[in-house]
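**Student:** Turn this into a model:
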Amino acid sequence: MSEHELDIVGAWLLVLIKIWHTKTNGSITKTLTQYAKIMNTDQTNAQRILNYFGSENIADVTDRNGRITVVNRRTKRDANLLEQNRIRQQRYRASQENNADVVPPKVNPSSSSSSSSSSSPSSSYTITQVKDAAFLAGVSEDKAEQFYHHYNAQGWVFGNSQSVKDLPSALAKWRNSQFRFEKNDKRSGKKKLFAISGKTCGKKGCNMPAVWHSEGAYDNFYCLKHAPKEVRDEYD
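**Tutor:** Here you go, the predicted structure:
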């Protein structure tokens, strides 16, 4: 603001204070008379200052039937981010409560232990739930998508066959492990392959998530271990 005249700077600070006190998410709507009072000046000068705000991109100024709205873009943007954060937290809590409300099915005492142990895990998540949890955990959206496709392909279980239950913790662990892998990738010069959603390795007896597929008359999907040697040499 140092390039503007002192009366402009003073008027802008007075408007900002009014915006802050009214708590209207970065904007206020007043009449010209009210703006003149806020700026401690007459209506003619208040109109000049408001026009200056708009022409110099200090603020967004709109006049609708004598009701003038001044928007401080930075405050508005921060308010929108806070609101998005609130909605994400609310949506994530609601999804957690919905999962907690699910009553586990009764186990038939006559059923074999092998059939109960082979049942699929109860935890599963949508891409929206993963992105919401990632936002709260400080994980970037691209990492959240990688996490979703990887564990969705694995049936939402870790390598030790335990279900993914604490989503934010799992995402934070994923972010940290991916950071270590990326550091190693930079040293080795190899590129990284990620799980293909819904596909497992086509090698007989292997149920690992597929990370590569050959294109031709038939699509063959493979994990990194069973991919062709030239693929393993290029990727990690």
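**Student:** Stretch 48-63: end-to-end distance?
**Tutor:** The first and last residues of stretch 48-63 sit 13 Å apart, counting by Cα to Cα, to the nearest Å.
**Student:** Only the buried residues of it, if you could.
**Tutor:** 49, 50, 52, 53, 58, 59, 61 (16 or more other Cβ atoms under 10 Å). In short, each C-beta sits where N, CA and C put it, glycine included.
**Student:** Just to be sure, the third one is in a helix?
**Tutor:** To tie it back to what came earlier, the one meant is residue 52. Yes - under DSSP: H, G, I helix; E, B strand; the rest coil, residue 52 sits within a helix.
**Student:** SS state for the closest residue to residue 50 other than its chain neighbours?
**Tutor:** Of all residues not flanking residue 50 in the chain, residue 61 sits nearest, at 5.5 Å (Cβ to Cβ, 6 or more residues apart in numbering). The local conformation at residue 61, judged by three-state DSSP, is strand.
**Student:** can you pull up the bridge partners for residue 61?
**Tutor:** For residue 61, the beta-bridge partners under DSSP bridges are residue 70.
**Student:** what residues are up against it?
**Tutor:** Neighbour list for residue 61: 50, 51, 53, 54, 68, 69, 70, 71 [criterion: Cβ atoms under 8 Å, 6 or more residues apart in numbering].
**Student:** ok, 6 Å please
**Tutor:** Residue 61 makes contacts with 50, 53, 54, 70, as judged by Cβ atoms under 6 Å, 6 or more residues apart in numbering.
**Student:** hang on, isn't the second one packed against residue 59?
**Tutor:** Right, residue 53. Yes - using Cβ atoms under 6 Å, residue 53 is in contact with residue 59, at 4.6 Å.
**Student:** Let me have the contacts of residue 61 in JSON lines, extended by distance to residue 76.
**Tutor:** Below are the contacts of residue 61 laid out as JSON lines (distance: Cβ to Cβ, whole Å):
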{"residue": "50", "distance to residue 76": "17"}
{"residue": "53", "distance to residue 76": "14"}
{"residue": "54", "distance to residue 76": "15"}
{"residue": "70", "distance to residue 76": "11"}
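**Student:** Most widely separated two among those?
**Tutor:** 54 and 70 (8.8 Å; Cβ to Cβ).
**Student:** how near is residue 208 to residue 155?
**Tutor:** Separation of residue 208 from residue 155 (Cβ to Cβ, to the nearest Å): 12 Å.
**Student:** ditto for residue 213
**Tutor:** 19 Å.
**Student:** swap in residue 81?
**Tutor:** Residue 81 is 35 Å from residue 155, where distance means Cβ to Cβ.
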